[in-house]
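Q: just the structure for this:
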Amino acid sequence: MGYQAYITPRDPMTEAEIDRREEEQGKKFSDIRRAELLAGHPGESYWHELPSDLKSELEAHMADYQKPKYGKTLDTFDGPCIWLDMETRMCKHHTVRPNVCRDFETGSRECLDWRRTYEDRINPKVCDVPSLASRDSAKINSRI
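A: As a prediction, the model looks like this:
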């Protein structure tokens, strides 16, 4: 993940701007995507609530961010968020985290997969990931 993924404000685009972008990318946007680009986006509320010093820090990090070469396995992704406190394994700025972090359920199958993949990068271990996986897997299977 690398950095917090906020939905930031975006001005509406014109038809001509969209056409230029399609030409640059060599593909046509769907009607839904064109409508989104024409409408713009106000940005998510948590972006607007973010203190200016954190916003500046995050914008600087995003400007220098190098996207990894994603592959077919989880170990090709870019790992822990810059706001993850490696000692406590908690978010440093939990109250202003973006929607994507609010939607990522702790202990879910995706969460446990991520923890197993990146356990060497998020030491010290606060909990035993494999035993957590067994417990949560049993819980998930009992709901199915």
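Q: what's the domain layout of this structure?
A: Here the domain assignment for the chain is 1-96, 105-144, based on automatic domain parsing.
Q: the ones you listed: lowest mean pLDDT?
A: The weakest mean pLDDT among the domains of the chain belongs to domain 105-144, with a mean of 57.
Q: for stretch 55-63, buried residues please.
A: Residues 55, 57-58 are the ones in stretch 55-63 that count as buried (16 or more other CB atoms under 10 Å). From N, CA and C alone the C-beta is placed, and that goes for glycine too.
Q: swap in stretch 37-52?
A: 37, 44, 46-47, 50.
Q: quick check, nearest of these to K67?
A: W47 (20.5 Å; CB to CB).
Q: doesn't R33 belong to a helix?
A: Yes. The assignment for R33 by DSSP: H, G, I helix; E, B strand; the rest coil puts it in a helix.
Q: how close does it sit to M90?
A: As judged by CB to CB, to the nearest Å, R33 and M90 stand 36 Å apart.
Q: and P80, by the same measure?
A: 12 Å.
Q: quick one, which of these two is more surrounded?
A: A count of neighbours by other CB atoms under 10 Å puts P80 above the other of P80 and M90, at 15 against 11.
Q: hang on, the earlier thing: hey, what's in contact with both of P80 and M90?
A: Common contacts of P80 and M90, defined by CB atoms under 8 Å, 6 or more residues apart in numbering, are absent altogether.
Q: show me what the helix or strand harbouring E17 is packed against.
A: Assigned by DSSP states H and E, E17 belongs to helix 15-25. Judged by 3 or more CB pairs under 8 Å, 6 or more residues apart in numbering; DSSP states H and E, helix 15-25 is in contact with helix 31-39.
Q: how far off centre is the helix it packs on?
A: Counting by CA atoms, centre = their mean, to the nearest Å, helix 31-39 is centred 22 Å from the centre of its parent chain.
Q: on that earlier part again, JSON lines for the buried residues of stretch 55-63, including distance to T14?
A: Shown next, in JSON lines, are the buried residues of stretch 55-63 (distance: CB to CB, whole Å):
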{"residue": "K55", "distance to T14": "27"}
{"residue": "E57", "distance to T14": "32"}
{"residue": "L58", "distance to T14": "28"}
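Q: out of those, list just those in helices.
A: Judged by DSSP state H, the buried residues of stretch 55-63 include 55, 57-58 as members of helices.
Q: good, we can wrap up now.
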